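Asker: Fold the following.
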Amino acid sequence: MPPDPYSREDHTNDSKPAPFPQRLVAEAVGDVIGFWNFKPSMGRVWAALYLAARPLTSAEIVEQTGLSVGSVSMTLADLRKWGVVREAGRAGGRRVFEAETDVAQMVTRVLRERELVVVKASVAKLQAAIDALSQSNDASDTQTAGDGEFAARRARMLLELATSGEAMLEEFVRVGQMDLGNIENKLTETE
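Answerer: Numbering: from 1, shown residues only. I've put the predicted structure just below:
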């Protein structure tokens, strides 16, 4: 059984953790965030703010999440960079924070600033490989030329898939909807 991320043994904070239902929400969000290769603590802090009826101080976030003061501070900085948490003024002389509540906007930003960047870079690399393979097809050795043609065909198939994915992501980022038909077609095509 994996360790309980909310147990006192894992954290330097001795505050009372959030009630069980809120901890489950925070854990679920942390799992999804972790799956996307963000720190699970980002999901836990965002969830604590999202579930709160009012903006929270960092001390309250520490109490709700069971994370250390340092972890909450670094996590808030990361979340603010992504635009999913913002400072909402002051309470009792302390800064308070609130969560962005437009989940679609948050997902769109991640897709635009992270996944789409990776896909575009992959498209460029695949195109460069195809160009290089096309030049190697001019080799006098027929075996080498045949291998190059085969590799170029396969690379073009991957490029078509990548450009379809790029178009799909760009469309989702632009209008918030995604048509998977083109990707499904590319995945089922054969030579």
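
Asker: my read: Ser71 touches Pro40, true?
Answerer: No. Judged on C-beta atoms under 8 Å, Ser71 makes no contact with Pro40 at a distance of 10.8 Å. Using the backbone N, CA and C atoms, a C-beta is placed for each residue, glycine as well.

Asker: Would you point out which residue is most central in this protein?
Answerer: Closest residue to the average C-alpha location of the chain: Trp36 at 4.1 Å, with C-alpha atoms, centre = their mean.

Asker: which residues touch that one?
Answerer: With contact taken as C-beta atoms under 8 Å, 6 or more residues apart in numbering, Trp36 is in contact with Val110.

Asker: how far away is it from Val29?
Answerer: Here Trp36 is placed at a distance of 11 Å from Val29 (C-beta to C-beta, to the nearest Å).

Asker: what's the longest helix in this structure?
Answerer: Under DSSP state H, the helix in the chain containing the largest number of residues is helix 142-175.

Asker: what residue ranges in the protein score low on pLDDT?
Answerer: The model of the chain has pLDDT under 70 over residues 1-18, 137-145, 177-191.

Asker: Restricting to C-alpha, output the helix or strand hosting Ala47 in CSV.
Answerer: Assigned by DSSP states H and E, Ala47 belongs to helix 40-51. Extracted in CSV, the C-alpha atoms of helix 40-51 (Å, rounded to 0.1, in the frame of the first residue of the first chain):
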residue,chain,number,x,y,z
PRO,A,40,1.3,16.5,-7.2
SER,A,41,1.6,19.3,-4.6
MET,A,42,0.4,21.7,-7.3
GLY,A,43,-2.8,19.8,-7.5
ARG,A,44,-3.3,19.6,-3.8
VAL,A,45,-2.7,23.4,-3.3
TRP,A,46,-4.9,24.3,-6.2
ALA,A,47,-7.7,22.0,-5.0
ALA,A,48,-7.5,23.5,-1.4
LEU,A,49,-8.0,26.9,-2.9
TYR,A,50,-10.6,25.8,-5.4
LEU,A,51,-12.7,24.2,-2.6
